[in-house]
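Asks: structure for the following, please:
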Amino acid sequence: QVQLVESGGGLVQAGGSLRLSCAASGRTFSTGAMGWFRQAPGKEREFLSAISGTPSAYTYYGDSVKDRFTISRDNAKNTVYLEMNSLKPEDTAVYYCAAKTNPYATRESRRYDYWGQGTQVTVSS
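Replies: The predicted model follows:
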């Protein structure tokens, strides 16, 4: 079993930055792919970013966040991060991290095996 706990969400003004963290426990963290998704009220869950398991650590980004968000992982701390810059009001959503048991990163939410509880990000205009 894997537990994922997100943190770092909050209220920020447009143009500001936040860094989300996702701490994983319960299994070997470094070999699995990790992803970040978000869901706004009334909208479908949206892929943001993913990072493959070591040793590759390839990164992938959704079109809406490419060049603004950066994913990274610290295997020593069993943590994956999402650095978010130039935030816009439309970035307001609940942000989720997800983990796979294999190292192959994907944009498809249905392929992730474990999910965190989510953290709220609100961007004011």
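Asks: quick one: contacts for the closest residue to residue 15 other than its chain neighbours?
Replies: Of all residues not flanking residue 15 in the chain, residue 86 sits nearest, at 6.2 Å (CB to CB, 6 or more residues apart in numbering). Bear in mind the C-beta positions are built from the backbone N, C-alpha and C, glycine included. The contact partners of residue 86, by CB atoms under 8 Å, 6 or more residues apart in numbering, come to 15, 17, 68.
Asks: so the nearest residue to the last one once chain neighbours are set aside, which of the three states?
Replies: With CB to CB, 6+ apart as the criterion, residue 68 has its nearest non-adjacent residue at 4.8 Å, and that residue is residue 86. With DSSP: H, G, I helix; E, B strand; the rest coil as the basis, the three-state label of residue 86 is coil.
Asks: could you measure from residue 86 over to residue 19?
Replies: 14 Å (CB to CB, to the nearest Å).
Asks: try residue 65
Replies: 14 Å.
Asks: look at the two and report which has more neighbours.
Replies: Between residue 65 and residue 19, counted using other CB atoms under 10 Å, residue 65 has the larger neighbour count: 23 against 13.
Asks: what score does the nearest residue to that one once chain neighbours are set aside have for pLDDT?
Replies: Of all residues not flanking residue 65 in the chain, residue 48 sits nearest, at 5.2 Å (CB to CB, 6+ apart). With respect to pLDDT, residue 48 has a value of 98.
Asks: host element of the residue nearest to the spatial centre of the chain?
Replies: In the chain, the residue lying closest to the centroid (CA atoms, centre = their mean) is residue 36, at 2.3 Å. Assigned by DSSP states H and E, residue 36 belongs to strand 34-39.
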